[in-house]
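Chemist: structure for this input, please:
(chains A, B, C and D)
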Protein chains: 2
Amino acid sequence: MTTLKDVANLANVSIATVSRVFSESSAVTSETRKKVINAAEILDYHPNALGRQLRNLETKTILIVVPDITNTFFSNVIRSIESIASDNGFQVFLADTKNRPENEERVIDHLRNKQVDGVILLTARTNVASLNKLSEDYPVVLACEYMEHSNIPSVSIDNISSARKVSNHFFQLGHKKVAHISGPMEVVLSRDRLRGYKQSVLENRQEINSLFIQEGDFSYESGYQLMEKLLALESPPSAVFAANDEMAIGAINAIKHYKLRVPEDISVAGFDDIKMSRIFAPPLTTISQPALEIGEKAMKLLLDIMGGEEVTKRHIVLNDQLIIRDSCKRF
Amino acid sequence: MTTLKDVANLANVSIATVSRVFSESSAVTSETRKKVINAAEILDYHPNALGRQLRNLETKTILIVVPDITNTFFSNVIRSIESIASDNGFQVFLADTKNRPENEERVIDHLRNKQVDGVILLTARTNVASLNKLSEDYPVVLACEYMEHSNIPSVSIDNISSARKVSNHFFQLGHKKVAHISGPMEVVLSRDRLRGYKQSVLENRQEINSLFIQEGDFSYESGYQLMEKLLALESPPSAVFAANDEMAIGAINAIKHYKLRVPEDISVAGFDDIKMSRIFAPPLTTISQPALEIGEKAMKLLLDIMGGEEVTKRHIVLNDQLIIRDSCKRF
DNA sequence: AAAGTGTTTGTAAACGTTTACAAACTATAA
DNA sequence: TTATAGTTTGTAAACGTTTACAAACACTTT
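Modeler: Numbers count the residues shown, from 1 in each chain, chains lettered A, B, ... in the order given. This is a model prediction of the structure:
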């Protein structure tokens, strides 16, 4: 490996000078610069990031923790984070937790290890206490997610009101029997969406039917299976609100499998507005989260925190939008 | 920040001892260990990875370079890489190049900077010469991809023969007018799949019709648009082979949009066997790449190279499989 | 020619680890 | 008791950078 020293020797200057050339930190005469560049070229020198980072006590790197790289919803969030990060001279690494809280813990250690300067979490299944502690000590921002009873900076939509909006849409279309396929109850998002659904049911003077509430895990398969269960009911729902698009698509396929039609026989709505929801037949009515804006705001928040600024507005709630497509019909 | 020194002071031992406790590198009496652990606990000490990595001149980290996180095909490859990596004590970071060669270059610098010990590239759009050079100096493995005229270790399927297989399938079903929506010509994969298609056309004693070859960019949108072009032909094809599933789905939707049916009016096949190809209606006939095995083999190859072993078998070609579903029909 | 000013360079000390080597223990054997 | 061997600990030097400070140099100005 060639180091500053090697280049310095060949160029006949001190390592300080070579360092100055590469870090562009202070003036070097164009003559010496040329000598240095030349020597570096010959030796194929590349600055060692570890040395630099150790000395500077910063990595200029952030980590995005994704619950599931398979879920395309996160892609846009990630890309807008990356774009802002790169504008500000930060590298971005991604880590996939595969929906496992223990992986989340493990990955967060990169922060304590000083391998990255900050973290944006797109998932927060770890317990509140330890995440709170982490956030006191290190720059952490939650995006899409948030934590109850916690002061961890977050950027998200109001999932309760969005879910209510979807469910109300069904009632406005004249449906009375509206079911909900929820996400896993250990994540706040799922609980919020369920809460919004329940609020809407009560607002519309219907009873909450526990048979109409099925807990899935955000996967296509769970959407499919739980829809089968709903279809098997003596009095099946005429409308189904799934807590994400992938489950909604699973539900639709289950309905199709039983030779029923969407939306003619059963209406279905999803959540997230992933690309597939536009492409699928029928195109899915769903909630569109402002993914780009979430990513942007989250990264800016993180930059502020890493910059040591006192952040006053710690929770940013953005507007979502109900996208009406063809998967729901008047009852 | 608390360091070895702080812990050493509080525990009344030398920093060497503290280091030994945390690196588990040599024996420490249980009594001193207890003192150290205790002090570390009090001070909330976490070893600084940069210091460690600099000293050891290795990071125990690899980087996976993905062309497009949006493309779910890569997910399984990534996950099997991660699994093998973690079994061997390696961390994994992901970087997304958004299909931009310049991002590829930038990301590869992490290797030269010594931020990671090795790289697995799921994309190789950089020029051969510079990639060859890189691979001489650092541990690099190509997965799914490969480079012509190059000795860079790679794990992939034989895209030419797979494409031929798909196309032959159409001819066996009695089709005569088989079109191809290719990927971008700057990537080898696309060129190979096109080559396989052409070979199949000739084998089946048909003429190569340049109107039947349309160059896309692997996106849904390009599949849709190019299918529109094919439909507009005076004599449109009766079967279309798209170079990946996303374009195939785009093509199907274009066909549907013109009130034609798949497969009754036009047969369509894809490539990659992403999850959506099973879920979509009609389920897609496609080539299934052994994603898990590719990831596994690629990571093992990388481990060998990083371990300094002389790798003799540098190119691993795995078997794919033609998955016949409902999107193709006898002509 | 001397003094003053501004620019460029070099020296050396850090950043937080690990580890070769030496020193200091402890336990056993003669 | 002393010698020997084995274990545990400490000292100090590295790993590749950056940067405060000092030194050296090149100009002006007097």
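Chemist: residues near A:K300, how many?
Modeler: 16 (other Cβ atoms under 10 Å in any protein chain shown). In short, each C-beta sits where N, CA and C put it, glycine included.
Chemist: does any part of the helix or strand A:E136 falls within sit near DNA strand C?
Modeler: According to DSSP states H and E, A:E136 maps onto helix A:128-137. No - applying Cβ under 7 Å from any atom of the strand, one finds helix A:128-137 separated from DNA strand C by no less than 14.4 Å.
Chemist: and the contacts of that helix?
Modeler: Outside helix A:128-137, the residues that touch it by Cβ atoms under 8 Å, 6 or more residues apart in numbering or on different chains are A:105, A:108, A:111-112, A:124, A:140, A:147-153, B:44.
Chemist: pLDDT on that helix, on average?
Modeler: Averaging pLDDT along helix A:128-137 gives 93.
Chemist: before we move on, back to that, filter the contacts of helix A:128-137 down to the buried ones, ChimeraX style.
Modeler: Buried subset of the contacts of helix A:128-137, written as a ChimeraX selection, criterion 16 or more other Cβ atoms under 10 Å in any protein chain shown:
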select /A:105,108,111,112,124,140,147,150,152,153
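Chemist: tell me which of the contacts of helix A:128-137 fall in helices.
Modeler: Secondary structure assignment by DSSP state H places A:105, A:108, A:111-112 of the contacts of helix A:128-137 in helices.
Chemist: so which of these also contact DNA strand C?
Modeler: Near DNA strand C, judged by Cβ under 7 Å from any atom of the strand, there are no entries from the ones in helices among the contacts of helix A:128-137.
Chemist: assign a three-state SS to whichever residue of the stretch 101-250 of chain A sits closest to DNA strand D, would you?
Modeler: Minimum separation of the stretch 101-250 of chain A from DNA strand D (Cβ to the nearest atom of the strand) falls at A:K114, amounting to 13.0 Å. Recorded secondary structure, A:K114: coil (DSSP: H, G, I helix; E, B strand; the rest coil).
Chemist: okay, now the closest residue to it other than its chain neighbours: neighbour count?
Modeler: Excluding its sequence neighbours, the residue lying closest to A:K114 (Cβ to Cβ, 6 or more residues apart in numbering or on different chains) is B:N48, at 5.0 Å. Other residues lying near B:N48 total 19 when counted by other Cβ under 10 Å.
Chemist: which residues touch B:N48?
Modeler: By Cβ under 8 Å, 6+ apart, the contact list for B:N48 reads A:54, A:113-114, B:1, B:3.
Chemist: check A:E246 too.
Modeler: Contacts for A:E246 were tallied using Cβ under 8 Å, 6+ apart; they are A:71, A:218-220, A:223, A:270, A:274, A:276.
Chemist: quick one: which helix or strand includes it?
Modeler: Taking DSSP H and E as the definition, one finds A:E246 inside helix A:245-257.
Chemist: buried stuff in that helix?
Modeler: Using 16+ other Cβ under 10 Å as the test for burial, helix A:245-257 gives A:245-255.
Chemist: the helix holding A:E136: which residues count as buried?
Modeler: Within helix A:128-137, the residues that qualify as buried are A:131-132, A:134-135, counting by 16+ other Cβ under 10 Å.
Chemist: CSV for the residues you listed, including distance to DNA strand D?
Modeler: Shown next, in CSV, are the buried residues of helix A:128-137 (distance: Cβ to the nearest atom of the strand, whole Å):
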residue, distance to DNA strand D
A:L131, 32
A:N132, 33
A:L134, 27
A:S135, 27
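Chemist: still on that earlier bit, so the residue of the stretch 101-250 of chain A closest to DNA strand D touches B:L50, yeah?
Modeler: Yes - A:K114 is within contact range of B:L50, at 5.7 Å (criterion: Cβ atoms under 8 Å).
Chemist: higher neighbour count, the two?
Modeler: Between A:K114 and B:L50, counting by other Cβ under 10 Å, B:L50 is the more crowded of the two (23 against 20).
Chemist: and the pLDDT at the single nearest residue of the stretch 51-200 of chain A relative to DNA strand D?
Modeler: Nearest residue of the stretch 51-200 of chain A to DNA strand D, counting by Cβ to the nearest atom of the strand: A:G51, 2.8 Å away. The model reports A:G51 with a pLDDT of 97.
Chemist: separation between it and B:Q115?
Modeler: Computed as Cβ to Cβ, to the nearest Å, the A:G51 to B:Q115 distance reads 11 Å.
Chemist: comparing these two, which residue is more hemmed in?
Modeler: B:Q115 (22 against 16).
Chemist: give me every residue that touches the more buried one.
Modeler: By Cβ under 8 Å, 6+ apart, the contact set of B:Q115 is A:49-50, B:59, B:61, B:63.
Chemist: same thing but at 7 Å, please
Modeler: By Cβ atoms under 7 Å, 6 or more residues apart in numbering or on different chains, the residues touching B:Q115 are A:49, B:59.
Chemist: now the helices for chain A?
Modeler: Going by DSSP H, chain A shows helices at A:4-11, A:15-23, A:30-43, A:49-56, A:73-87, A:101-112, A:128-137, A:159-172, A:188-203, A:220-232, A:245-257, A:275-279, A:291-306.
Chemist: wait, which of the ones you listed is closest to B:P236?
Modeler: In terms of Cβ to Cβ, the element of the helices of chain A nearest to B:P236 is helix A:275-279, at 22.2 Å.
Chemist: flag every buried residue along that closest one.
Modeler: Neighbour-count burial for helix A:275-279 flags A:275-277, A:279 (criterion: 16+ other Cβ under 10 Å).
Chemist: again with stretch A:26-39
Modeler: Under the neighbour-count criterion of 16+ other Cβ under 10 Å, stretch A:26-39 has A:28, A:32-33, A:35-37, A:39 buried.
Chemist: hmm, who's touching it?
Modeler: When contacts are defined by Cβ under 7 Å, 6+ apart, stretch A:26-39 is touched by residues A:7, A:10-11, A:13, A:17-18, A:20-21.
Chemist: among those, which ones lie close to DNA strand C?
Modeler: Restricting these to those near DNA strand C by Cβ under 7 Å from any atom of the strand leaves A:13, A:17, A:20.
Chemist: ok, the contacts of stretch A:26-39 vs chain B, which is closest?
Modeler: The shortest approach to chain B among these belongs to A:V7, at 14.4 Å (Cβ to the nearest Cβ).
Chemist: now stretch A:87-97: buried residues?
Modeler: Neighbour-count burial for stretch A:87-97, counted by 16+ other Cβ under 10 Å, picks out A:90-97.
Chemist: take these and keep only those in strands.
Modeler: Under the assignment DSSP state E, the buried residues of stretch A:87-97 contribute A:91-96 to strands.
Chemist: how about those residues in a markdown table, adding distance to chain B?
Modeler: Shown next, in a markdown table, are those (distance: Cβ to the nearest Cβ, whole Å):
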| residue | distance to chain B |
| --- | --- |
| A:Q91 | 8 |
| A:V92 | 8 |
| A:F93 | 4 |
| A:L94 | 4 |
| A:A95 | 7 |
| A:D96 | 7 |
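Chemist: grab the nearest non-local neighbour of the residue of the stretch 51-200 of chain A closest to DNA strand D.
Modeler: B:L54 (6.1 Å).
Chemist: without its sequence neighbours, what residue ends up closest to A:R330?
Modeler: A:L173 is the one closest to A:R330 (Cβ to Cβ, 6+ apart), at 4.8 Å.
Chemist: what sits against that neighbour?
Modeler: When contacts are counted by Cβ under 7 Å, 6+ apart, A:L173 touches A:267, A:328-331.
Chemist: run the last query once more with 8 Å
Modeler: The contact partners of A:L173, taken as Cβ under 8 Å, 6+ apart, are A:239, A:267, A:328-331.
Chemist: any chance of those residues in a markdown table, with pLDDT, neighbour count and distance to B:L302 too?
Modeler: As requested, the contacts of A:L173 are exported to a markdown table (pLDDT from 0 to 100; neighbours: other Cβ atoms under 10 Å in any protein chain shown; distance: Cβ to Cβ, whole Å):
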| residue | pLDDT | neighbour count | distance to B:L302 |
| --- | --- | --- | --- |
| A:A239 | 98 | 27 | 50 |
| A:S267 | 98 | 26 | 49 |
| A:C328 | 97 | 25 | 49 |
| A:K329 | 95 | 19 | 53 |
| A:R330 | 94 | 9 | 57 |
| A:F331 | 85 | 16 | 57 |
